[in-house]
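pasted the sequence and its predicted model underneath.
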Amino acid sequence: MSVDVLAFAKLNLSLRVLGLREDGFHEIASEVQTVDLSDRLSISLAPSGVSVDSQLARQGTDIVERAAVTLLRRKRSDRGVHVRVEKAIPIGAGLGGGSSDAASLLSVLDRLTPPILPSEELLEVGVEIGSDVPLFLAGGRLLVGGRGEQVQRLPGPSNRQFVLLVPPVHCRTGAIYARWDAIAPAPRAKADAPLRRGVNDLLASALDVHPALIPYHLAVEALACDYCGMSGSGSSFYAAFDVPTSAEEAAAELANRFPAADVFVCRPTTTGYRIAEGE
């Protein structure tokens, strides 16, 4: 039996960095929306062992394999699993594709290997795997805090469409945060200060580390949209639109101007993943 899953991407509609924690992670506050740009996972139980067929697994750094091994060990299960990942979410773009794949795998594999873990225990496994994994276990429109493990659902998803521009630039999260540590202004924002959509504290750091991102940032800022910003630590930029035709026109304009970039029109989702039935 094989279960096919669509693992959704995320956009940081706002991102505030509050400082470096004692554990080496950064404290954040962020409004996040999952969107329907997705990877596809095919998950099959096996008699034993964990195998993952994916672009990242072939590079030896696959988060999905880590998620499977960690979950099966936590459940003391002697079952194995095979996972095939078809990537569509760009890598190193601040869209959380790897974390989304891991969260989808955790949710499905947990159900395939009873007894099912309590939701808080599955969340603990997610936190162990990666900072963005918990938000994908929930999905929808969320307020995210801590290092990413504090997830609170916000009422109703955004009803806007998002034009997503992904430059051919791979941003390493660690390098962007390291630059933020070096240039962040003092005093820094307070945790309870209101979040503003389109404001991302890591933008200046990303543009400093990767000046090639500047033309993409300026192009998105020039669009007649409701708001726009950078997702995560980059390199993706998004613009929000109330009118679908305006989103399509903006996407066509960006695709024509930046032929080497990826351009998507995305819609909000209410979950972090979805079982793909007959697709």
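Arrived safely, thanks for sending. Numbering: from 1, shown residues only.

residues touching the helix or strand harbouring residue 252, excluding its own?
Here residue 252, judged by DSSP states H and E, is contained in helix 244-257. The contact list for helix 244-257 (CB atoms under 8 Å, 6 or more residues apart in numbering) reads 161-163, 165, 219-220, 223-225, 239, 241, 261, 263-265. Backbone N, C-alpha and C define where each C-beta goes, glycine included.

buried ones in the helix or strand just after that helix?
Going down the chain from helix 244-257, the next helix or strand is strand 262-266, by DSSP H and E. Buried residues in strand 262-266, counted by 16 or more other CB atoms under 10 Å: 262-266.

out of the contacts of helix 244-257, name the ones that lie in helices.
Counting by DSSP state H, the part of these found in helices is 219-220.

quick one: buried residues of the longest strand along the chain?
Taking DSSP state E as the criterion, the chain has its longest strand at strand 26-46. For strand 26-46, a neighbour-count test (16+ other CB under 10 Å) marks 26-35, 37-41, 43 as buried.

burial measure for residue 73, as a count.
10 (other CB atoms under 10 Å).

I'd like the numbering to begin with 359 instead of 1 from here.
Noted, 359 is the first residue going forward, which turns the last one into residue 431.

rewinding a little: may I have the strands that pair with the helix or strand that comes right after the longest strand of the chain, each with its orientation?
Going down the chain from strand 384-404, the next helix or strand is strand 408-411, by DSSP H and E. Note on strand 408-411: by DSSP bridges, its sheet partners are strand 438-444 (parallel).

quick one: mean pLDDT for the strand it pairs with?
On average, the pLDDT along strand 438-444 is 96.

buried residues, that strand. List them.
Those would be 438-443, for strand 438-444 by 16+ other CB under 10 Å.
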